[in-house]
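Peer 1: could you work out the structure for the sequence below:
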Amino acid sequence: MTSARDHFLPVTLVATGVLLAFWPVITGLVEAWSTDDNYSHGFFIVPLAAYFAWERRAQFERAEVRPSLAGLAVVMLSMVLLVAGMLGAEYFLSRVALIGTVAGAVLFLGGWARLRVLLFPLAFLLLMVPLPALIFNKIAFPLQLLASHVGEYSISAMEIPILREGNVLILANATLEVAEACSGIRSLVSLFTLGIVFGYFADHRVWVRSVIALSAIPVAILANGLRVASAGVAAHNYGTEGVEGVFHDVSGWVVFVIAFLMMLAIQRLLLHFAPPRRTPAAPPLAPRTSPI
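Peer 2: Next comes the predicted model:
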């Protein structure tokens, strides 16, 4: 059996090589997290992924060590993506290549069994990678229209006169535009990440974790629609000034908390209607009798 000391040198060399090769990518990621509010949660992804990997350390040590040349092929393909991304200014490819290189290195040094143990932490790292602008815009615009629809119906239900033209809501005292920043994609990405983490700690069953994570999609859409509706009510009563400044900033946090409470309610419902099976307790051992 190999010890951790036997793997220290190759792991250190591989980690150093990955760090040197991907240093511009890593610094670019940190800059994106710092400047783009849609991906500010990226700062939490790496520590959480490291925790998930550390939690699996016993399984990782027990897994069979059988280095695979397929890992070298994955590393080479990732390096091609790195070069293509850097030359084409497509940062998404180079950032995904970083995760692919780490996965390939694990496969090359430890084999398929050890890669399977770390599959979830490695896949979780994908959440730190900002989406390409083309895909981001394809998602953001429909969300803008959907938030506008939900806001319009909610405001109309309160018998407030409103007219919607695309993503523009026209009220008697103000005109509101559901901009890209108000589309809900920011809360969707953050809530989906939170849903994965919350589901991971809340339940050990894979299907329950998946339901909690996927519930972030309708919850984020509904919560953001309610935010638009609340802005419409404020604009109806106080004009445009009522939805600017403090209201705009605070409402985002309030809606995020409400959305998390919705996800918590979903988790409680799942726990109520589908409780985890309890393993029967082992029967007590019979007392030993000694011959007289």
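Peer 1: when you work out contacts or count neighbours from here on, use the C-alpha atoms and nothing else.
Peer 2: Fine.
Peer 1: burial check on Thr35, number of neighbours?
Peer 2: Using other CA atoms under 10 Å, Thr35 has 10 neighbouring residues.
Peer 1: what's the pLDDT at it?
Peer 2: The model reports Thr35 with a pLDDT of 89.
Peer 1: and if you look at His204?
Peer 2: 90.
Peer 1: also Glu241?
Peer 2: The pLDDT attached to Glu241 in the predicted structure is 69.
Peer 1: ok, the one 3 residues further on next?
Peer 2: Confidence at Glu244, expressed as pLDDT, is 70.
Peer 1: same thing with Gln59?
Peer 2: pLDDT, Gln59: 94.
Peer 1: quick check, distance from the helix or strand containing it to the centre of its chain.
Peer 2: Using DSSP states H and E, Gln59 sits within helix 57-62. Relative to its chain's centre, helix 57-62 lies at 25 Å (CA atoms, centre = their mean, to the nearest Å).
Peer 1: what comes up buried for it?
Peer 2: Phe60 (16 or more other CA atoms under 10 Å).
Peer 1: check which helices and strands it sits against.
Peer 2: When contacts are defined as 3 or more CA pairs under 8 Å, 6 or more residues apart in numbering; DSSP states H and E, helix 57-62 packs onto helix 112-117.
Peer 1: so Ala140 is in contact with Ile185, correct?
Peer 2: Yes: contact criterion CA atoms under 8 Å: Ala140 and Ile185 qualify, at 6.0 Å.
Peer 1: between the two, which one's more packed in?
Peer 2: More crowded of Ala140 and Ile185, by other CA under 10 Å: Ile185, with 23 against 19.
Peer 1: so Gly100 sits right up against Val74, yeah?
Peer 2: Yes: assessed by CA under 8 Å, Gly100 is found in contact with Val74 at 6.8 Å.
Peer 1: more neighbours, these two?
Peer 2: The neighbour comparison of Gly100 against Val74 (other CA under 10 Å) goes to Gly100, with 23 against 20.
Peer 1: helix/strand/coil for that one?
Peer 2: helix (DSSP: H, G, I helix; E, B strand; the rest coil).
Peer 1: contacts only, for it.
Peer 2: The contact partners of Gly100, taken as CA atoms under 8 Å, 6 or more residues apart in numbering, are Val74, Val75, Ser78.
Peer 1: and it, how far from Ile26?
Peer 2: Separation of Gly100 from Ile26 (CA to CA, to the nearest Å): 14 Å.
Peer 1: which stretches of the chain form helices?
Peer 2: Listed in chain order, the helices of the chain (DSSP state H) span residues 4-21, 23-35, 42-55, 57-62, 69-87, 91-110, 112-117, 119-124, 133-157, 185-202, 206-214, 216-238, 246-273.
Peer 1: out of the ones you listed, nearest to Ala172?
Peer 2: Taking CA to CA, helix 216-238 is the member of those nearest to Ala172, at 6.7 Å.
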